[in-house]
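Chemist: kindly return the folded structure for what I paste below:
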Amino acid sequence: LFIVIVSSKATPSHTKLGCENSTLHLTCPPGSYVSIIRANYGRFSISVCNNYARPDIDTHCSSQEDTTTQLRIMCNKLDICHVPVHSDVLPSVCPDTPKYLEAQYQCVSHIEVAEEVRQRRLPHLGGNISDLWSDRNVMLN
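Modeler: Alright, predicted model coming up:
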């Protein structure tokens, strides 16, 4: 099992890799949940999960769209998600190729989601707010 964590300051994301027949664990801290960005079950690198350094492995084996959809169904909005890395669970591709799962995800804070919902509920006013409250051409009695 290989684990790689990639982070950026603006929007932290995590990338984890799991070899075929292992279990990949996606975790987020308390108060947040998993949000899958993208995932692929197959192989596009000869160096990952290749303990015997086989040079003959097909590296054009991808199921990104189907795998992303599957992991979103399985993991989104959970704080911990355990994914069996196996063709019984994930899209069956490249039958004679040893595969691995790569999952990229973010941990979304429940507080951030609540704030986003609150912001969406606020009225969106265009232009200058002063224009709504005064009109120089209209006089009140």
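Chemist: residue boundaries of the helices in the chain?
Modeler: Under the criterion DSSP state H, the chain carries helices at the ranges 64-75, 110-121, 129-133.
Chemist: how far off centre is the first one?
Modeler: The gap between the average C-alpha position of helix 64-75 and the chain average comes to 9 Å, counting by CA atoms, centre = their mean, to the nearest Å.
Chemist: check the helices of the chain for me: which has the lowest mean pLDDT.
Modeler: Lowest mean pLDDT within the helices of the chain: helix 129-133, a mean of 54.
Chemist: and the strands in this protein?
Modeler: With DSSP state E as the criterion, the chain has strands at 3-4, 14-19, 23-27, 32-42, 80-84, 100-109.
Chemist: quick one, the last one and strand 14-19 angle?
Modeler: Strand 100-109 and strand 14-19 are oriented at 150 degrees to each other (axes from the mean of the first three to the mean of the last three CA atoms, to 10 degrees).
Chemist: so where's the protein uncertain?
Modeler: 1-11, 112-141 (pLDDT under 70).
Chemist: what do you get if the cut-off is 90, keeping everything else the same?
Modeler: Residue ranges of the chain with pLDDT under 90: 1-12, 51-52, 54, 56, 58, 92, 94-96, 109-141.
Chemist: so how far is Asn50 from Asp56?
Modeler: 10 Å (CB to CB, to the nearest Å). Placement of C-beta: from N, CA and C, glycine included.
Chemist: export the strands of the chain as JSON lines, with columns for distance to Met74.
Modeler: Below are the strands of the chain laid out as JSON lines (distance: least, CB to CB, whole Å):
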{"stretch": "strand 3-4", "distance to Met74": "19"}
{"stretch": "strand 14-19", "distance to Met74": "13"}
{"stretch": "strand 23-27", "distance to Met74": "9"}
{"stretch": "strand 32-42", "distance to Met74": "9"}
{"stretch": "strand 80-84", "distance to Met74": "6"}
{"stretch": "strand 100-109", "distance to Met74": "10"}
